[in-house]
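Trainee: The following block contains a protein sequence and its predicted model.
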Protein chains: 4
Amino acid sequence: MDAHDEERPQPKHDRREELTLAAFHVIARKGFEGLRVREVAAQVGINGATLHHYFPTKEDLIRSVVAHAISRLRTVMAGRLPDAAPPEQLRDHLSRLFQLMQEEPDLFVVLTEVNLRARRTPVLAYLTEQNSVWHGMLVSILERGISEKFWPSDLDPGATAAAIITLLEGMTFWAATAPDWGAKALSRLERWLGIA
Amino acid sequence: MDAHDEERPQPKHDRREELTLAAFHVIARKGFEGLRVREVAAQVGINGATLHHYFPTKEDLIRSVVAHAISRLRTVMAGRLPDAAPPEQLRDHLSRLFQLMQEEPDLFVVLTEVNLRARRTPVLAYLTEQNSVWHGMLVSILERGISEKFWPSDLDPGATAAAIITLLEGMTFWAATAPDWGAKALSRLERWLGIA
Amino acid sequence: MDAHDEERPQPKHDRREELTLAAFHVIARKGFEGLRVREVAAQVGINGATLHHYFPTKEDLIRSVVAHAISRLRTVMAGRLPDAAPPEQLRDHLSRLFQLMQEEPDLFVVLTEVNLRARRTPVLAYLTEQNSVWHGMLVSILERGISEKFWPSDLDPGATAAAIITLLEGMTFWAATAPDWGAKALSRLERWLGIA
Amino acid sequence: MDAHDEERPQPKHDRREELTLAAFHVIARKGFEGLRVREVAAQVGINGATLHHYFPTKEDLIRSVVAHAISRLRTVMAGRLPDAAPPEQLRDHLSRLFQLMQEEPDLFVVLTEVNLRARRTPVLAYLTEQNSVWHGMLVSILERGISEKFWPSDLDPGATAAAIITLLEGMTFWAATAPDWGAKALSRLERWLGIA
DNA sequence: AATGAATGAGAGTTCATTCAT
DNA sequence: AATGAATGAACTCTCATTCAT
């Protein structure tokens, strides 16, 4: 009796999502260089012109992809384990990110593309700010850990946060190419941080 | 017979270099997405059609850019201080790379672009192999350092090399965006490695 | 049975008029070149598809606009002062037309557009015939004026009517651009006709 | 021996002219509404893309057409008979314009199209200024004629010039539709001006 | 009566590449 | 070696129109 209820959950809003995801995967596979609105439309099974019904402009579509990628990342990055000890929080954070890299390498490919593009398209510049937020979050974890004596007081939180981010950022490249190196680099980092 | 040889040292070879460099900078500024052969030609002061005399195909031009970028990198990466102690060698290696990032950020922007592209264009795949060479070089330095008691024997050379590479690779993004963070991350790494 | 008749006087006929007027103003502002059915529909507050309920085709809409413009013109051109002397009739005719130009310049802009288009769209060709009617009307006034000795017998009614029409037609362009020149030209004409 | 000299007088500059003329005729036949760059290119026998080699943009092509039309008009309007008496000058001016209308009705069709468009495209607004120049020229002829007693002193030069322009402007419409009316209107005007 | 979704035909424009000179 | 001219294929985007609901 509710069998056909599932056939179409959100009759029309689906399309925007479908298109965004399709574009997302095209970018992951071919880069911005290889993004063709017609292909995206075709993958969803609609006419190329119809895509413009949902995204007036190619840039609008791209913006939607970027928003999707960032929100996907943010979901995972969101601070968890609020009551745990700082080292535990940090390890949790790193392992969750690493797991995401394994499970959704495309996400990081796209984010890298976007990062590169952000340098020239000011509209996407707020993506760079995202890093500041990330940095701030790590610093606060580290500072708490220092004040709670988990880490020595001569550990510079800012520099350490920068090192963590830099290393993770670098792993992006490897996620697809040489995943084992990524894992090794991460475990090495965790030992340096004393959270292995 | 060699009197007029000095009049024009590399009459035409110059042009290939000029074009390669021009293309290099266009890619750094606008990415592969924004590379137009006409613009490259114009920057050198020749007609777009003439470019095809030197590079029959756009891909040929790109290949030349990639070769240029890699050779530029290799020059700096080439092992120096053969007689120095391993920690010294490692520090020298890192500082030279870092210096290059400061002085020629474009080089790393282009390398990142290429890296991304290498995933889909098999022709450029050999760039990835380059990383293996780099990794091997670091491993050999580390192994020598361990055997000479500069580093503890439980330091995994492979993982540490991976961490170093990953962190440096990640710095690429920051070279232009937040150079100070890069410096901080590097000094943090050097302290971890005990070579600060 | 007619109680609820007053609730909505012309339920749907209104819409046709609304749309016609909206299209009329779009043409006046942007010409045929800039006429978009969607914009017309939006100005009336309905969906673009709905417009096709009232006007199956864009051409149908245009035809309605033309009909509207002509009927508007005809209302003013309709012979008045049937009992007045011919010069009086002529002056009345001219001044009424001139007043219309001042008050509704859009009407003449649209008519000019239509005139231009009529040359290629035979459907609108009957607009040109309209001029014949106009010409005939002027000739009859002039002939009556000659036979009643208001004008000399050597005044060629056909040529004079043609001159009047031509001059008024030319004023169309000026109505918006340089209204004072139009007034001057008209008073000059009236003096030539001895009806100033 | 010089037979093949005539084959190609201006090897390349021809094309711009060819294209301008082709576009000119398309506009005359179908209006701005019906101007398609591909058709223009085809009429000259070149690929649609090649047109952009000469006119980067459709607007550039249109501008060239407008410039052509205006220069064509100016050539004829240029003051001649500098030593003749004012009435003679005026008659010459009118008859030359009328002749042009007969011989090149397309020119006036295009000019009307442009005039209409000038109202919305400010770039073409200088076309309207052209009328001021024309008006000034007529005023100076009339003023000279008045001071030399060819016309009564109560003839308002400004108003008369406006009437002349207006009437000629109106003839534009008729040039193609009903040429005989144009001729009649003109002769009527000449009699009013006493230059018949 | 009204709509959102969808479409096909085409528009202007871009671009790497070719070719005659 | 160098060029201007030319091209074909492709791209994004527009728009009147249709259709199921």
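Mentor: Cool, the structure landed.
Trainee: For the helix or strand where residue A:76 lies, which helices and strands make contact with it?
Mentor: Assigned by DSSP states H and E, residue A:76 belongs to helix A:58-77. Using 3 or more CB pairs under 8 Å, 6 or more residues apart in numbering or on different chains; DSSP states H and E, the elements in contact with helix A:58-77 are helix A:13-30, helix A:37-44, helix A:86-103, helix A:105-118, helix A:126-147. Every residue, glycine included, has its C-beta placed from N, CA and C.
Trainee: Give me the angle between the shortest one and helix A:58-77.
Mentor: With axes from the mean of the first three to the mean of the last three CA atoms, to 10 degrees applied, the angle from helix A:37-44 to helix A:58-77 works out at 60 degrees.
Trainee: Among the helices and strands packed on helix A:58-77, show me which one is buried the most.
Mentor: helix A:105-118 (a mean of 21; mean count of other CB atoms under 10 Å in any protein chain shown).
Trainee: and that one with chain B, contact?
Mentor: Yes: Helix A:105-118 is in contact with chain B by CB under 8 Å from any CB of the partner chain, via A:109, A:112, A:113, A:115, A:116, A:117.
Trainee: Not counting that helix itself, show me its contacts.
Mentor: With CB atoms under 8 Å, 6 or more residues apart in numbering or on different chains as the test, helix A:105-118 has contacts from A:24-25, A:27-28, A:31-32, A:65-66, A:69-70, A:72-73, A:100-101, A:124-125, A:127-128, A:172-173, A:175-176, B:31, B:33, B:109, B:112-113, B:116, B:119, B:173.
Trainee: Render the CA-only coordinates of it in PDB, please.
Mentor: Coordinates of each C-alpha in helix A:105-118 appear next as PDB, following Å, rounded to 0.1, in the frame of the first residue of the first chain:
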ATOM      1  CA  PRO A 105      38.700   9.500  -2.600                       C
ATOM      2  CA  ASP A 106      36.700  11.400  -5.200                       C
ATOM      3  CA  LEU A 107      35.800  13.900  -2.600                       C
ATOM      4  CA  PHE A 108      39.400  14.900  -2.200                       C
ATOM      5  CA  VAL A 109      40.100  14.900  -5.800                       C
ATOM      6  CA  VAL A 110      37.300  17.400  -6.300                       C
ATOM      7  CA  LEU A 111      38.400  19.400  -3.300                       C
ATOM      8  CA  THR A 112      41.900  19.700  -4.700                       C
ATOM      9  CA  GLU A 113      40.600  20.800  -8.000                       C
ATOM     10  CA  VAL A 114      38.500  23.400  -6.300                       C
ATOM     11  CA  ASN A 115      41.400  24.500  -4.200                       C
ATOM     12  CA  LEU A 116      43.500  25.100  -7.300                       C
ATOM     13  CA  ARG A 117      40.600  26.900  -8.900                       C
ATOM     14  CA  ALA A 118      40.000  29.000  -5.900                       C
END
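Trainee: tell me the angle that helix makes with helix A:13-30.
Mentor: Helix A:105-118 and helix A:13-30 are oriented at 80 degrees to each other (the same axes, to 10 degrees).
Trainee: what distance separates helix A:105-118 from the middle of the whole chain?
Mentor: 8 Å (CA atoms, centre = their mean, to the nearest Å).
Trainee: what about that helix, average pLDDT?
Mentor: Mean pLDDT, helix A:105-118: 88.
Trainee: Just the buried positions in the lowest-mean-pLDDT helix or strand in chain A, please.
Mentor: Sorting the helices and strands of chain A by mean pLDDT, DSSP states H and E puts helix A:157-177 at the bottom, at a mean of 86. Applying a neighbour-count criterion of 16 or more other CB atoms under 10 Å in any protein chain shown, one finds A:157-175 buried in helix A:157-177.
Trainee: from memory residue A:27 sits against residue A:65, does it?
Mentor: Yes: using CB atoms under 8 Å, residue A:27 is in contact with residue A:65, at 6.3 Å.
Trainee: Can you name the residues that contact whichever residue of chain A sits closest to chain B?
Mentor: As assessed by CB to the nearest CB, chain B sits closest to residue A:170 within chain A, at 2.9 Å. By CB under 8 Å, 6+ apart, the contact list for residue A:170 reads A:185, B:165, B:166, B:167, B:168, B:169, B:170, B:171, B:172.
Trainee: returning to that earlier point: can I get the least confident helix or strand of chain A in CSV? Just the C-alpha atoms.
Mentor: Taking Å, rounded to 0.1, in the frame of the first residue of the first chain, the C-alpha atoms of helix A:157-177 are listed here in CSV:
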residue,chain,number,x,y,z
PRO,A,157,50.1,24.8,18.9
GLY,A,158,50.0,26.9,15.8
ALA,A,159,53.0,25.3,14.1
THR,A,160,51.8,21.8,15.0
ALA,A,161,48.3,22.5,13.7
ALA,A,162,49.9,23.8,10.5
ALA,A,163,52.0,20.6,10.2
ILE,A,164,49.0,18.4,10.7
ILE,A,165,46.9,20.2,8.1
THR,A,166,49.8,20.3,5.7
LEU,A,167,50.4,16.6,6.0
LEU,A,168,46.8,15.8,5.6
GLU,A,169,46.4,18.1,2.7
GLY,A,170,49.4,16.4,1.0
MET,A,171,47.7,13.0,1.6
THR,A,172,45.0,14.1,-0.7
PHE,A,173,47.2,13.4,-3.7
TRP,A,174,48.0,10.0,-2.5
ALA,A,175,44.6,8.9,-1.5
ALA,A,176,44.1,7.4,-4.9
THR,A,177,47.7,6.9,-6.1
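Trainee: following it, which helix or strand comes up?
Mentor: helix A:179-192.
Trainee: Against which helices or strands is that next one packed?
Mentor: helix A:86-103, helix A:157-177, helix B:157-177.
Trainee: who's in contact with the shortest one?
Mentor: Applying CB under 8 Å, 6+ apart, the set of residues contacting helix A:86-103 from outside is A:73, A:76-77, A:79-81, A:84, A:107-108, A:138, A:141-142, A:144-145, A:148, A:150-151, A:164, A:168, A:171-172, A:175, A:179, A:182-183, A:186, A:189-190, A:193-195.
Trainee: what angle do that helix and helix A:157-177 make?
Mentor: Angle of helix A:86-103 versus helix A:157-177, following the same axes, to 10 degrees, is 20 degrees.
Trainee: what's the answer for the last one, then?
Mentor: Angle between the axes of helix B:157-177 and helix A:157-177 is 110 degrees (criterion: the same axes, to 10 degrees).
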